[in-house]
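[1] Give me coordinates for this.
(2 chains)
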Amino acid sequence: MMVEGQRTNMELRLRIAGALIFAGLLIEGLTLTWNNPIAFLVFLGVGGVLMLIGIVFYLISLVSPSPSP
Amino acid sequence: MPVGFIYAVLIISILVIAVVVVFPAITVSRGGKILAFLALFILPVLAGDLGYEQHMERSKQTSFCLSCHVMEPYGRSLHVDDPTWLPAAHYQNNRVPRDEACYTCHTDYVMYGTIKSKWRGLHHVYVQYLGNPKPPLHLYHPYNNRECLHCHLGSRSFEEGATHNADPQIMADIKSNKMSCLTSGCHDQIHNTTKLTTVKYWSQK
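    Numbering: from 1, shown residues only, chains lettered A, B, ... in the order given. Now for the predicted structure:
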């Protein structure tokens, strides 16, 4: 039961991290089609930040203790 | 770096992430954990780095600089049909790469010069979108001969030029930036954006 709970919790975290990184990469990819200073700002300020949050969230979820049942 | 490769890394990253997001249960196994680490750390960092490099390279392009409305007259000045106009002569005769004309002359040829240029570029973006830039624009610092000498030093026209060698002190002053190439009266036809309505333009065949 506890293992199941932990797994669900980890899966949720992976999904959140994955969604954030997915969105970040998608935005970064779109900015590469646009040759403008705004594209660079969006790349860093939106895509980069989303990706960074997702990666940090994933790394923290790897080392954080699982919640008690 | 070819942009196709960057897109390939981005697409592969997105696909692998999608697998982990849709089937998170696969991370129970050892292989799944490795796949998740690859999808959520290694590949995004690689794709982000490649994308950043690509944006840095793009920011050197003439078209990138001229994408700001305030820079339009400076771009036009590159097409003036007059060899005494310094930027036009450099641009039209391929003395600078045409697709990186602005960057080639306006970067600092010193250690961390590229970083300083990028930092100035960010300030330009700030002024463009949040400030009120009014032409004619001015440089932050007087133009340093070092940027000219990065290419011209050692070239025959510079080293053996009659005016440059009229007095040994002149050459020394040019090389030490005591006498400006641009404002000393010798090569002073720069972008001259206020005169662009009265000049003839070169039409590239």
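
[2] pLDDT weak spots in chain A?
    Residues of chain A meeting the criterion pLDDT under 70: A:1-7, A:66-69.

[3] three-state assignment of B:Pro142?
    Following DSSP: H, G, I helix; E, B strand; the rest coil, B:Pro142 is assigned to coil.

[4] Up against chain B, what does chain A have?
    Residues of chain A lying close to chain B (Cβ under 8 Å from any Cβ of the partner chain) are A:7, A:10-12, A:14-15, A:17-19, A:21-22, A:24-26, A:28-29, A:31-32, A:35-41, A:43-44, A:47-48, A:51, A:54-55, A:58-59. For the C-beta atoms, the positions are set from N, CA and C on the backbone; glycine is no exception.

[5] out of those, which are buried?
    Neighbour-count burial (16 or more other Cβ atoms under 10 Å in any protein chain shown) is assigned, among these, to A:10-11, A:14, A:17-19, A:21-22, A:24-25, A:28-29, A:31-32, A:37, A:39-41, A:43-44, A:47-48, A:51, A:54-55, A:58.

[6] Next step: the residues you listed restricted to strands.
    Of the positions in those, not one sits in strands, assigned by DSSP state E.

[7] to the chain's geometric centre, what's the distance from the worst-scoring helix or strand of chain B on mean pLDDT?
    Within chain B, confidence by mean pLDDT, DSSP states H and E is lowest for helix B:113-130 among all helices and strands, at a mean of 87. Relative to the mean C-alpha coordinate of its chain, helix B:113-130 is positioned 11 Å out (Cα atoms, centre = their mean, to the nearest Å).

[8] same for it, what does it pack against?
    helix A:37-42 (3 or more Cβ pairs under 8 Å, 6 or more residues apart in numbering or on different chains; DSSP states H and E).

[9] Give me the contacts around the helix it packs on.
    The contact list for helix A:37-42 (Cβ atoms under 8 Å, 6 or more residues apart in numbering or on different chains) reads A:27, A:31-32, B:55, B:58-59, B:64, B:67-68, B:121, B:124-125, B:128-129.

[10] Next, name the residue at the spatial heart of chain A.
    Taking Cα atoms, centre = their mean, the centroid of chain A lies closest to A:Gly54, which sits 2.0 Å from it.

[11] Would you agree that residue is in contact with A:Ala19?
    Yes - if you go by Cβ atoms under 8 Å, A:Gly54 and A:Ala19 touch, sitting 7.5 Å apart.

[12] For ChimeraX, what selects the buried ones among the contacts of helix A:37-42?
    This is the ChimeraX syntax for the buried subset of those, where burial follows 16+ other Cβ under 10 Å:
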select /A:27,31,32 /B:55,58,59,64,67,68,121,124,125,128
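
[13] Please narrow the buried ones among the residues of chain A next to chain B to those residing in helices.
    Secondary structure from DSSP state H places A:10-11, A:14, A:17-19, A:21-22, A:24-25, A:28-29, A:31, A:37, A:39-41, A:51, A:54-55, A:58 of these in helices.
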